[in-house]
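Sequence and predicted model, in that order:
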Amino acid sequence: MERREQRPSTAGGIGRPVAAIIAATLVVTTCGVSCDQNAQAVFRQTATEPIAEGIKTFLAGDPQAGVGMIVSGAIDGAVASIIEAGDGPTAAQ
């Protein structure tokens with residue numbers, strides 16, 4: 001049986017950033033559907049610029065930094081929208 005030399009996989013280098021972008025996209029989409037209008041606006045104001053910069057950085061050839069910026073922007077936007085949404089209306093007593 002012939003033994004083949006194993007080469008390091010380059011797919012893991014690009015696969016993780018792509019997976020992180022997909023996860024960030026799910027966060028963005030979920031927030032857009034489930035938040036009230038004010039929380040959506042806060043999310044967009046907070047997250048749009050960092051996500052756009054992350055995409056530019058990713059496409060410029062630095063996938064790790066780009067994904068970090070995208071994920072950080074999505075998390076910051078999600079946190080800001082949760083704070084804006086608060087606990088919702090109080091129950092009538």
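Sure thing, it's come through.

CA atoms for contacts and neighbours, from now on please.
Will do.

Okay, buried residues for the helix or strand hosting Val67 please.
Using DSSP states H and E, Val67 falls within helix 63-85. For helix 63-85, the buried set under the neighbour-count rule, 16 or more other Cα atoms under 10 Å, comprises 63-64, 66-82, 84-85.

residue boundaries of the strands in the protein?
For the chain, applying DSSP state E gives no strands.

Next up, the contacts around the nearest residue to Ala85 once chain neighbours are set aside.
The spatial neighbour of Ala85 that comes closest, neighbours along the chain excluded (Cα to Cα, 6 or more residues apart in numbering), is Ala39 at 5.5 Å. Contact partners of Ala39, counting by Cα atoms under 8 Å, 6 or more residues apart in numbering, are Ala80, Ser81, Ile82, Glu84, Ala85.

try 10 Å this time
31-32, 45, 77-86 (Cα atoms under 10 Å, 6 or more residues apart in numbering).

Now compare those residues and name the two farthest from each other.
Across the contacts of Ala39, the longest distance by Cα to Cα is 17.4 Å; it joins Gln45 and Gly86.

Now do the same contact list for the residue nearest to Glu49 when sequence neighbours are not counted.
For Glu49, ignoring the flanking residues on the chain, the nearest one in space by Cα to Cα, 6+ apart is Gly73 at 7.8 Å. With contact taken as Cα under 10 Å, 6+ apart, Gly73 is in contact with 24, 28, 43-44, 46-54, 67, 79.

of those residues, buried ones?
Among the contacts of Gly73, the ones that count as buried by 16+ other Cα under 10 Å are Ala24, Val28, Phe43, Arg44, Thr46, Ala47, Pro50, Ile51, Glu53, Gly54, Val67, Val79.

just these now: which is nearest Pro17?
Set against Pro17, the nearest of the buried ones among the contacts of Gly73 by Cα to Cα is Val67 (5.7 Å).

Please read off the pLDDT at the nearest residue to that closest one once chain neighbours are set aside from the model.
Ranked by Cα to Cα, 6+ apart and with sequence neighbours excluded, the top spatial neighbour of Val67 is Pro17, at 5.7 Å. Note on Pro17: pLDDT of 70.

Please consider this matter closed, and thank you.
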